[in-house]
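Enquirer: predicted model and sequence follow; I will ask about them next.
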Amino acid sequence: NAGVMQNPRHLVRRRGQEARLRCSPMKGHSHVYWYRQLPEEGLKFMVYLQKENIIDESGMPKERFSAEFPKEGPSILRIQQVVRGDSAAYFCASSKGVHQNTEAFFGQGTRLTVV
Amino acid sequence: KQEVTQIPAALSVPEGENLVLNCSFTDSAIYNLQWFRQDPGKGLTSLLLIQSSQREQTSGRLNASLDKSSGRSTLYIAASQPGDSATYLCAVREGGSEKLVFGKGTKLTVNP
């Protein structure tokens, strides 16, 4: 049973370009979460999605960031017009569902560098 | 607003020592608490999950405790090994929420 798969592992973008980060949850998991880890900072929640629905996007920056989890295919975190401050590690996690003792499993992360 | 603090920020010990990592949180209304391990440039590996109704969980040389009323958790590592060197993260899942709130971690170095 493969774990949470994220790709690419490393992504370099020039300022102003778009970054697309992909996440395939564990088999049987329908809940996906995105977190961002800035240098020397802890992981910060960004968004929580179920298939075709955004449930909680309270941690998403208001502009340039969007996320989706289509019926088919991986979840996508999209950053438009990237800036240097977007350089960070972006982690995806998945879980089976909404239960108070549900465990979240994390992927290896995508390390975005904006040059 | 939930805040998670981990002390110390860094810890260096000789191989074989037993050690304790500390985690505190400000709001006791949590569903569970997870301890993770993060190796440099890698993802997070879940070590232990303690449910809000539990006091402790054990896995091999690891033992995690939870005192929800005082907002504290500890991760005890017995007979440390160089392979235990990593950053250890504590995260709480807030009650009524799906999000995890993380501490900044404790960077552990076990010297041979």
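Expert: Good, I have the coordinates.
Enquirer: now residue B:17: which helix or strand?
Expert: According to DSSP states H and E, residue B:17 maps onto no helix or strand at all.
Enquirer: ok, the one 3 residues further on next?
Expert: Residue B:20 belongs to strand B:19-25 when elements are defined using DSSP H and E.
Enquirer: could you list the buried residues of that strand?
Expert: Of the residues in strand B:19-25, those buried by neighbour count under the rule 16 or more other C-beta atoms under 10 Å in any protein chain shown are B:19, B:21, B:23, B:24, B:25. Bear in mind the C-beta positions are built from the backbone N, C-alpha and C, glycine included.
Enquirer: let me see the confidence value for the second one.
Expert: Read that as residue B:21. Model confidence at residue B:21, expressed as pLDDT, equals 97.
Enquirer: how much space separates it from chain A?
Expert: As for residue B:21, its distance to chain A is 15 Å (criterion: C-beta to the nearest C-beta, to the nearest Å).
Enquirer: again with residue B:2
Expert: Using C-beta to the nearest C-beta, residue B:2 is found at 11 Å from chain A.
Enquirer: quick check, that residue in contact with residue B:93.
Expert: No: here residue B:2 does not reach residue B:93: they are 9.7 Å apart, not a contact under C-beta atoms under 8 Å.
Enquirer: overlap in contacts, the two.
Expert: B:30, B:101 (C-beta atoms under 8 Å, 6 or more residues apart in numbering or on different chains).
Enquirer: give me the beta-bridge partners of residue B:76?
Expert: In this entry, residue B:76 is beta-bridged to residue B:20, residue B:63, by DSSP bridges.
Enquirer: return the distance of it relative to chain A.
Expert: For residue B:76, the distance to chain A equals 20 Å [C-beta to the nearest C-beta].
Enquirer: check contacts around that residue.
Expert: Contacts for residue B:76 were tallied using C-beta under 8 Å, 6+ apart; they are B:18, B:19, B:20, B:62, B:63, B:64, B:65.
Enquirer: give me every residue that touches the one residue sitting closest to the centre of chain A.
Expert: In chain A, the C-alpha nearest the mean C-alpha coordinate belongs to residue A:34, at 3.4 Å (C-alpha atoms, centre = their mean). Contact analysis of residue A:34 by C-beta under 8 Å, 6+ apart lists A:23, A:45, A:46, A:47, A:67, A:75, A:77, A:90, A:91, A:92, A:93.
Enquirer: roughly how far does it sit from residue B:66?
Expert: With the distance defined as C-beta to C-beta, to the nearest Å, residue A:34 ends up 27 Å from residue B:66.
Enquirer: could I get the full set of strands for chain A?
Expert: The residue ranges that make up the strands of chain A, judged by DSSP state E, are A:5-7, A:10-13, A:19-24, A:31-37, A:43-50, A:53-56, A:65-68, A:75-79, A:88-95, A:105-106, A:110-114.
Enquirer: after the strand holding residue B:20, next one along is what?
Expert: Following strand B:19-25 toward the C-terminus (DSSP H and E): strand B:30-38.
Enquirer: and chain A, which of its residues are near chain B?
Expert: Residues of chain A lying close to chain B by C-beta under 8 Å from any C-beta of the partner chain are A:6, A:31, A:33, A:35, A:40-45, A:48, A:55-56, A:58-59, A:91, A:93, A:95, A:98, A:100-101, A:103-109, A:111.
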